[in-house]
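Peer 1: here are the coordinates; sequence isn't available:
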Ligand SMILES: [Zn+2]
Ligand SMILES: [Zn+2]
């Protein structure tokens, strides 16, 4: 959509940002100065930004070393608006996504191996102002190109929830034909079902109640199990046992039920931005690992895989100003299945 002169006038100097002034204070629409990108940075006009569980924790002040006021948001999709000195390989107008990985320090031990584990990660919303705004200015290293077939609202959730589940599944022990159980049907869960099914895995969706059963099957699940009425562990064992269980920390009770159906040598993957694990919940010597997501390169691969194979986030879009309502819908589990804020 062409920008109005009014909008150009605003973004040239100042832009809208949904600031959180103090922990738990909710969002305040603020007009903030739009910075010029420094060397190595780019400025991106935000078209869409997904609402992640981490945003609830960050805005509540539950994440260490967070300083307020802040602008959260790390599932960003938009267009490059300005390039800092020394940025090569990108052009004005390029469609790009930025996720939880928003850059790294470049010199710690992790950066010499897997940069996503950097000890000084540049997470949008924490290290610098995030995507609940008209504009973000980020390191060029954080950018992933968006394939043409994905809208910005579709691309945004793939930059955090998507890359997290896709990378976790790719690094897991599951191989085509193996049984994978996905606990919960929220933002990460509904994407995990699609990625797992597309990868040729036998996919079981585990939920609570039967309200989401049809959606789970439509998203690619072979079977839906209801923790209210089914003995999930026994059902998974009858199917041969799950090679991998994909879980998020907020679904611990459902995950515990599913773990009883883990195959010998199976894995439990906990998708967590904070490295949270289930700890004592695992009976016996099961392998468990947390998963943070991936680098901008992983995000690029996630977007390309999704584009080629028909994996699409199911999103509910809301205008930027309704960030508070969107966060509440996400946190209460009402979103089907990802809330996305839009700026136009
Ligand atoms: Zn996230
Ligand atoms: Zn580092």
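Peer 2: Everything's here; your move. Note that this is a predicted model, so its numbers are computed, not measured. Ligands and ions are numbered 1, 2, ... in the order given.

Peer 1: Show me what from this protein comes close to ligand 2.
Peer 2: When proximity is defined as Cβ under 5 Å from the ion, the chain approaches ligand 2 at 104-105, 108, 111, 118. Every C-beta, even on glycine, is put in place using the N, C-alpha and C of the backbone.

Peer 1: Just the buried ones from those?
Peer 2: Among those, those classed as buried by 16 or more other Cβ atoms under 10 Å are 104, 111, 118.

Peer 1: any idea of the pLDDT on the closest residue to ligand 1 within the stretch 151-300 of the chain?
Peer 2: As assessed by Cβ to the ion, ligand 1 sits closest to residue 160 within the stretch 151-300 of the chain, at 3.3 Å. Residue 160 carries a pLDDT score of 93 in this model.

Peer 1: And the residues of the chain next to ligand 2, which two are furthest apart?
Peer 2: Using Cβ to Cβ, the residues of the chain next to ligand 2 span at most 7.8 Å, a distance reached by 104 and 108.

Peer 1: related to what we said a few turns ago, can you redo the residues of the chain next to ligand 2 as JSON lines with pLDDT, secondary structure and distance to ligand 1?
Peer 2: Putting these into JSON lines (pLDDT from 0 to 100; DSSP: H, G, I helix; E, B strand; the rest coil; distance: Cβ to the ion, whole Å) gives the following:
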{"residue": "104", "pLDDT": "86", "secondary structure": "coil", "distance to ligand 1": "17"}
{"residue": "105", "pLDDT": "86", "secondary structure": "coil", "distance to ligand 1": "20"}
{"residue": "108", "pLDDT": "87", "secondary structure": "coil", "distance to ligand 1": "22"}
{"residue": "111", "pLDDT": "82", "secondary structure": "helix", "distance to ligand 1": "21"}
{"residue": "118", "pLDDT": "80", "secondary structure": "coil", "distance to ligand 1": "16"}
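
Peer 1: thinking again about what came up before, the residue of the stretch 151-300 of the chain closest to ligand 1 and residue 102 touch, don't they?
Peer 2: No - if you go by Cβ atoms under 8 Å, residue 160 and residue 102 don't touch, sitting 10.4 Å apart.

Peer 1: tell me, what's touching the two both at once?
Peer 2: Common neighbours of residue 160 and residue 102, counting by Cβ atoms under 8 Å, 6 or more residues apart in numbering, are residue 74.

Peer 1: Got the domain ranges for this protein?
Peer 2: 5-145+314-342, 163-291 (automatic domain parsing).

Peer 1: looking at the ones you listed, which one has the lowest mean pLDDT?
Peer 2: domain 163-291 (a mean of 86).

Peer 1: Does it reach ligand 1?
Peer 2: No - judged by Cβ under 5 Å from the ion, domain 163-291 and ligand 1 are separated, with a smallest distance of 5.7 Å.

Peer 1: from the chain's centre, how far out does that domain sit?
Peer 2: Distance, stretch centre to chain centre, for domain 163-291: 17 Å (Cα atoms, centre = their mean, to the nearest Å).

Peer 1: just stretch 71-78 next, same as before
Peer 2: 10 Å.

Peer 1: How many neighbouring residues does residue 113 have?
Peer 2: Using other Cβ atoms under 10 Å, residue 113 has 10 other residues around it.

Peer 1: Apart from its neighbours in sequence, what residue is nearest residue 210?
Peer 2: In space, and not counting its chain neighbours, residue 210 is closest to residue 226: 5.6 Å by Cβ to Cβ, 6 or more residues apart in numbering.

Peer 1: Overlap in contacts, residue 104 and residue 108.
Peer 2: Joint contacts of residue 104 and residue 108 (Cβ under 8 Å, 6+ apart) are 118, 120.

Peer 1: before we move on, back to that, quick one: the domains of the chain as a markdown table, columns for distance to residue 302 too.
Peer 2: Formatted as a markdown table, these follow (distance: least, Cβ to Cβ, whole Å):
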| stretch | distance to residue 302 |
| --- | --- |
| domain 5-145+314-342 | 8 |
| domain 163-291 | 4 |
